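A.B. asks: What shape does this take:
(chains A and B)
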There are 2 protein chains.
Amino acid sequence: MTETRIWTAGLVVIGDEILSGRTQDKNVAQIGSWLNVQGIRLREVRVVGDVEEAIVEAVNAMRTAYDYCFTTGGIGPTHDDITVDAIAAAFGLPVVIHPEARRLLEDYYATRGGLNEGRLAMARVPEGAELIDNPVSKAPGIKIGNVYIMAGIPWVTAGMLEGLTGKLEGGRPLVSVTVGALAPESEVAAMLRDVERASDGISIGSYPFFKDGRGGSNFVVRSEDEELARSAAGLLAEKLAELGYDPVDGGM
Amino acid sequence: MTETRIWTAGLVVIGDEILSGRTQDKNVAQIGSWLNVQGIRLREVRVVGDVEEAIVEAVNAMRTAYDYCFTTGGIGPTHDDITVDAIAAAFGLPVVIHPEARRLLEDYYATRGGLNEGRLAMARVPEGAELIDNPVSKAPGIKIGNVYIMAGIPWVTAGMLEGLTGKLEGGRPLVSVTVGALAPESEVAAMLRDVERASDGISIGSYPFFKDGRGGSNFVVRSEDEELARSAAGLLAEKLAELGYDPVDGGM
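C.D. replies: Numbering: from 1, shown residues only, chains lettered A, B, ... in the order given. Have a look, this model is predicted:
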């Protein structure tokens, strides 16, 4: 296998409501899965509140440590939506009204009460930014440098990701092959480690579950090389069978 | 209002499965809510993979920046469970077998196939650590310094939190009062900002929703002073009514 570049991303989830537990975040899982398909690994997430200093610090850390930095949350019309200002500050850029964003919002709100101060705020971008299409509710996402500023509402972000699909430079997608069994992970730990060590370029994760009162585990083999992942999963299934556990392809 | 100390916490969520999107994290919301009740604010979360260097860096950042650092994940019996080693490294401490943890696990597994290498791994702690009771599956959580090492499985963590309830030093619980209305947040943004500014010691978050094809918002007033929160929520409800929106106490 030739050495291939690994593309990486960090994600900053912005919002007091996530930290307070009021709102269950869905964007980590959504963006993590989507990035895998783009051949980009989500390496780190930071969740911060609606505090400019905290956003600046997290965005600057992520955009310099990884190829891409995504953010979610804080781009709505209200006073607690400070993401654009914070990211502009992180880049040392002024905030300007993006003319195309203004036009999009004018059109959208023409039959919905018109553009007011709060709605116009959603056309504000760091100077030099590009827009990310929002097919759901029009107010666009924003790309500045390697930072992709997305909505907080998961299905709005889903629409934005749809439009970005296939457009980011990435490597090979990470392939996962899952083998499940009614095997408590504590009974097969040594075997798992041996199977992982037997093959370069794969990793195995072990995720316990409980079903009908019995303990089992899903074993997830991950690799950029699908063939490698499948052969390690095959070896794992064999070893499980040898230990008396019926493996189930695709997990349980 | 006299100035009261604000107690803070950071959380490190550990696991490749969270970053890959395979597993939907539940611990941020669970621990964030629980901390609020203890009078402790969750200020920041970092999600990192099963990589020692990343865990060490995140734990050292959180335990020095905040009063408490919680971690979830990576304390099971398999090769990808490296949290204890990483946190011991973060403190510069050796890892030892905790005799009480060993005894707990011996008892628990006596009728479940006995203690093996993987299961014994769950008795490993940084030297000098205390145990956190796990009423669900016995393998204990671990406290070292101001770091609380919890399970990754949400209902196991729930059991551990139960035992810690009321035992951590904290300040006044954060009170939230929610007012909902079928008001698009973009129509009331200016009013919200004014209500927030009218009262020191409160903050207002605005969280849009869609219901029966109409847009609405929940407005959450947060304060350490319950009376202050209720009076600001009352003012907010009045202002919503003036703008022609029926407010609903407790949100929608």
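A.B. asks: Only C-alpha atoms from now on, for both contacts and neighbour counts.
C.D. replies: Noted.
A.B. asks: next one: stretch A:83-100 to chain centre, how far?
C.D. replies: Relative to the chain's own centre, stretch A:83-100 is displaced by 23 Å; criterion: CA atoms, centre = their mean, to the nearest Å.
A.B. asks: ok, now stretch A:24-35?
C.D. replies: Using CA atoms, centre = their mean, the offset of stretch A:24-35 from its chain centre is 4 Å.
A.B. asks: Next one: that stretch, is it in contact with chain B?
C.D. replies: Yes - counting by CA under 8 Å from any CA of the partner chain, chain B has neighbours in stretch A:24-35: A:24-26, A:28-33.
A.B. asks: so which of those comes closest to chain B?
C.D. replies: Distances from chain B to the residues of stretch A:24-35 next to chain B, taken as CA to the nearest CA, are shortest for A:Ala29 (3.8 Å).
A.B. asks: so what's the residue most central in space within chain A up against?
C.D. replies: What sits nearest the mean C-alpha location of chain A, by CA atoms, centre = their mean, is A:Ile31, with 2.4 Å. Neighbour list for A:Ile31: B:Gly21 [criterion: CA atoms under 8 Å, 6 or more residues apart in numbering or on different chains].
A.B. asks: And for the one 3 residues further on?
C.D. replies: Remark: with contacts taken as CA under 8 Å, 6+ apart, A:Trp34 is in contact with A:Leu161.
A.B. asks: sec struct for it, please.
C.D. replies: Three-state assignment for A:Trp34 (DSSP: H, G, I helix; E, B strand; the rest coil): helix.
A.B. asks: picking up where we left off before, just the ones of the residues of stretch A:24-35 next to chain B in helices?
C.D. replies: Applying DSSP state H to those, the entries found in helices are A:28-33.
A.B. asks: What values do phi and psi take at A:Tyr207?
C.D. replies: Dihedral pair for A:Tyr207: phi -130, psi 110, per degrees, to the nearest 10.
A.B. asks: Restricted to buried residues, select the residues of stretch A:24-35 next to chain B in ChimeraX.
C.D. replies: ChimeraX command restricting these to the buried ones, with burial defined by 16 or more other CA atoms under 10 Å in any protein chain shown:
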select /A:24,25,26,28,29,30,31,32,33
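A.B. asks: just the residues of the stretch 151-252 of chain A that are near chain B, which are they?
C.D. replies: Residues of the stretch 151-252 of chain A found near chain B (CA under 8 Å from any CA) are A:185-190, A:192-193, A:204-206.
A.B. asks: can you tell me which of these are in strands?
C.D. replies: Judged by DSSP state E, strands contain the following of those: A:204-206.
A.B. asks: Include pLDDT when you put the residues you listed into a markdown table, please.
C.D. replies: A markdown table is the format used below for those (pLDDT from 0 to 100):
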| residue | pLDDT |
| --- | --- |
| A:Ile204 | 95 |
| A:Gly205 | 94 |
| A:Ser206 | 94 |
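A.B. asks: if we can go back for a sec, what's the distance between the residue nearest to the centre of chain A and A:Val12?
C.D. replies: With distances taken as CA to CA, to the nearest Å, A:Ile31 is found 11 Å from A:Val12.
A.B. asks: cool, and A:Ala123?
C.D. replies: Note on A:Ala123: its distance to A:Val12, by CA to CA, is 21 Å.
A.B. asks: Which one's more surrounded, the two?
C.D. replies: A count of neighbours by other CA atoms under 10 Å in any protein chain shown puts A:Ala123 above the other of A:Ala123 and A:Val12, at 28 against 25.
A.B. asks: Can you pull out the low-pLDDT segments for the stretch 1-150 of chain A?
C.D. replies: A:1-3 (pLDDT under 70).
A.B. asks: Show me which residues of it sit near chain B.
C.D. replies: Residues of the stretch 1-150 of chain A lying close to chain B by CA under 8 Å from any CA are A:16-26, A:28-33, A:36, A:41-49, A:76-80, A:116-119.
A.B. asks: Show the buried residues in these.
C.D. replies: Among the residues of the stretch 1-150 of chain A next to chain B, those classed as buried by 16+ other CA under 10 Å are A:16-21, A:24-26, A:28-33, A:36, A:41-49, A:76-80, A:116, A:118-119.
A.B. asks: Quick check: strands, which of the residues you listed are part of them?
C.D. replies: A:41-48.
A.B. asks: Now A:Ala237. Nearest residue, chain neighbours left out?
C.D. replies: In space, A:Ala237 comes closest to A:Pro247 once its chain neighbours are excluded; the distance is 5.5 Å by CA to CA, 6 or more residues apart in numbering or on different chains.
A.B. asks: now A:Ala86
C.D. replies: The spatially closest residue to A:Ala86, leaving aside those adjacent along the chain, is A:Glu52, at 5.2 Å (CA to CA, 6+ apart).
A.B. asks: Show me the domain layout of chain A.
C.D. replies: Taking automatic domain parsing as the domain assignment, the ranges for chain A are A:7-164, A:175-249.
A.B. asks: Of these, flag the one that's most buried.
C.D. replies: Mean neighbours per residue, mean count of other CA atoms under 10 Å in any protein chain shown, is largest over these for domain A:7-164, with a mean of 20.
A.B. asks: At which residues are the strands of chain A located?
C.D. replies: A:7-14, A:40-48, A:68-72, A:95-97, A:124-126, A:130-132, A:141-144, A:147-150, A:175-181, A:203-211, A:214-223, A:248-249.
A.B. asks: how about the residue in the stretch 101-250 of chain A that chain B sits nearest to, what does it touch?
C.D. replies: Residue nearest to chain B within the stretch 101-250 of chain A (CA to the nearest CA): A:Ala189, separated by 4.8 Å. By CA under 8 Å, 6+ apart, the contact set of A:Ala189 is B:77-79, B:118.
A.B. asks: which of these sit farthest apart?
C.D. replies: Spatial extent of the contacts of A:Ala189 (CA to CA) is set by the pair B:His79 and B:Gly118 at 8.4 Å.
A.B. asks: hey, what's in contact with both of the two?
C.D. replies: With CA under 8 Å, 6+ apart, B:His79 and B:Gly118 have common neighbours A:189-190.
A.B. asks: what's stretch A:94-112 in contact with?
C.D. replies: So stretch A:94-112 is contacted by A:84-85, A:88, A:114-115, A:119-120, A:122-127, A:131, A:138-140 (CA under 8 Å, 6+ apart).
A.B. asks: Go again with 6 Å.
C.D. replies: By CA atoms under 6 Å, 6 or more residues apart in numbering or on different chains, the residues outside stretch A:94-112 that reach it are A:115, A:123-127.
A.B. asks: out of the residues of the stretch 151-252 of chain A next to chain B, which one sits closest to A:Ala151?
C.D. replies: Minimum distance to A:Ala151 across those is 30.7 Å, recorded for A:Gly205 (CA to CA).
A.B. asks: how about the closest one, what does it touch?
C.D. replies: Neighbouring residues of A:Gly205 by CA under 6 Å, 6+ apart: A:219-220.
A.B. asks: now with 8 Å?
C.D. replies: A:Gly205 touches A:219-221, B:16-17, B:80, counting by CA under 8 Å, 6+ apart.
A.B. asks: Which residue is the nearest non-sequential neighbour of A:Leu42?
C.D. replies: Closest to A:Leu42 by CA to CA, 6+ apart is A:Ala9, at 4.8 Å.
A.B. asks: beta partners of that neighbour?
C.D. replies: A:Ala9 has the following beta-bridge partners by DSSP bridges: A:Leu42, A:Tyr68.
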